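Participant: Sequence and predicted structure below; questions after.
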Amino acid sequence: MTVRTIVLAALISMSAALAGCSAVRPWEREFLADEIMQFDPNVLEAEWHVHIEEVLEGSRGGFSGSGGGCGCR
């Protein structure tokens, strides 16, 4: 590979990486907090399933907090 090819590849990868950077204005943040922007559309049900999984597994990890497996928070 020539130096020119390496430089061109570096420029293309840097421009692709910088294309995703943007500043969010305070009045635009309400759209990011919308329910449709969540990974799971039913957040309360997802939290309940995580809670049940924590109780049945007897452990907590990766989701939130620490504590025992008794089901009480």
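Facilitator: Here it is on my side, so go on.

Participant: Report how many residues lie close to residue 55.
Facilitator: Applying other CB atoms under 10 Å, we find 15 residues neighbouring residue 55. From N, CA and C alone the C-beta is placed, and that goes for glycine too.

Participant: List the buried residues in the helix or strand that it is a member of.
Facilitator: Element membership of residue 55 [criterion: DSSP states H and E] is helix 43-57. Judged by neighbour count using 16 or more other CB atoms under 10 Å, the buried positions of helix 43-57 are residue 54.

Participant: gap between that helix and the chain center?
Facilitator: 18 Å (CA atoms, centre = their mean, to the nearest Å).

Participant: CA-only coordinates of the strand or helix carrying residue 6, as CSV, when you get a sec.
Facilitator: Using DSSP H and E, residue 6 sits in helix 3-18. What follows is helix 3-18, C-alpha atoms only, in CSV (Å, rounded to 0.1, in the frame of the first residue of the first chain):
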residue,chain,number,x,y,z
VAL,A,3,1.4,6.3,1.6
ARG,A,4,-1.3,8.1,-0.4
THR,A,5,-3.7,5.2,0.0
ILE,A,6,-3.1,5.0,3.8
VAL,A,7,-3.6,8.8,4.2
LEU,A,8,-6.8,8.6,2.1
ALA,A,9,-8.1,5.7,4.2
ALA,A,10,-7.3,7.6,7.4
LEU,A,11,-9.1,10.7,6.2
ILE,A,12,-12.2,8.7,5.2
SER,A,13,-12.3,6.9,8.6
MET,A,14,-11.8,10.2,10.5
SER,A,15,-14.6,12.0,8.6
ALA,A,16,-16.9,9.0,9.2
ALA,A,17,-16.2,9.1,12.9
LEU,A,18,-16.7,12.8,13.2
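
Participant: Start and end of stretch 17-34, how far apart?
Facilitator: Start-to-end span of stretch 17-34 (CA to CA, to the nearest Å) is 26 Å.

Participant: what's that stretch in contact with?
Facilitator: With contact meaning CB atoms under 8 Å, 6 or more residues apart in numbering, stretch 17-34 is reached by residue 37.
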